[in-house]
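Chemist: This is the structure alone, sequence omitted:
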């Protein structure tokens, strides 16, 4: 298996581990390490048609090293208590994070369920690390991708990047990861 295919497969596994459904903002935060029950009904809000969108660009850099998400998947998952708990396990945050992808892959979130895949939306970064989602209902979402060093063979490692984004008023939100 060539390195590019292996990297793509690893990114897909990481994103599937990270992605999970969400719902409207929970009334109380989920404590770190706490579990929340997976309930498909919590995701119902995210299936409604909407006028909102996300116009995103990966601008992440580390120690002078540029990163890219060109041709990589970007996952958009609605926020629910279950998803927030997963973000806390995977990223130690339910707001934003940039962590070594291997570290995130090594964490096992509670209550893994295959049911959430129906609620996850996907896009692909273009050559300029730009991505977009449209037709989204208002509410909180998590954007997740894996950034790779822009220079092939660079000493830097892949980075899993997550950010919470809230859509309001059917507007398009510009996001930099």
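Modeler: Okay, I see it. All values derive from a computational prediction rather than experimental measurement.

Chemist: from here on, contacts and neighbour counts on C-alpha atoms
Modeler: Will do.

Chemist: centroid residue for the protein?
Modeler: residue 144 (1.9 Å; CA atoms, centre = their mean).

Chemist: Report whether it is found in a helix, as I expect.
Modeler: No: counting by DSSP: H, G, I helix; E, B strand; the rest coil, residue 144 is not found in a helix; it is strand.

Chemist: For the nearest residue to it once chain neighbours are set aside, which three-state class applies?
Modeler: Nearest non-adjacent residue to residue 144, counting by CA to CA, 6 or more residues apart in numbering: residue 162, 4.5 Å away. Look at residue 162: counting by three-state DSSP, its state is strand.

Chemist: same thing with the one 4 residues further on?
Modeler: For residue 166, the reduced secondary structure class is strand; criterion used: three-state DSSP.

Chemist: same deal with residue 115?
Modeler: helix.

Chemist: Just give the number of residues close to it.
Modeler: Neighbours of residue 115 under the rule other CA atoms under 10 Å: 12.

Chemist: With residue 172 instead?
Modeler: Neighbours of residue 172 under the rule other CA under 10 Å: 18.

Chemist: Isn't it up against residue 55?
Modeler: Yes: between residue 172 and residue 55 there is a contact under CA atoms under 8 Å: 6.8 Å.

Chemist: check contacts around the residue nearest to residue 144.
Modeler: 91, 95, 96, 97, 98, 142, 143, 144, 145, 177 (CA atoms under 8 Å, 6 or more residues apart in numbering).
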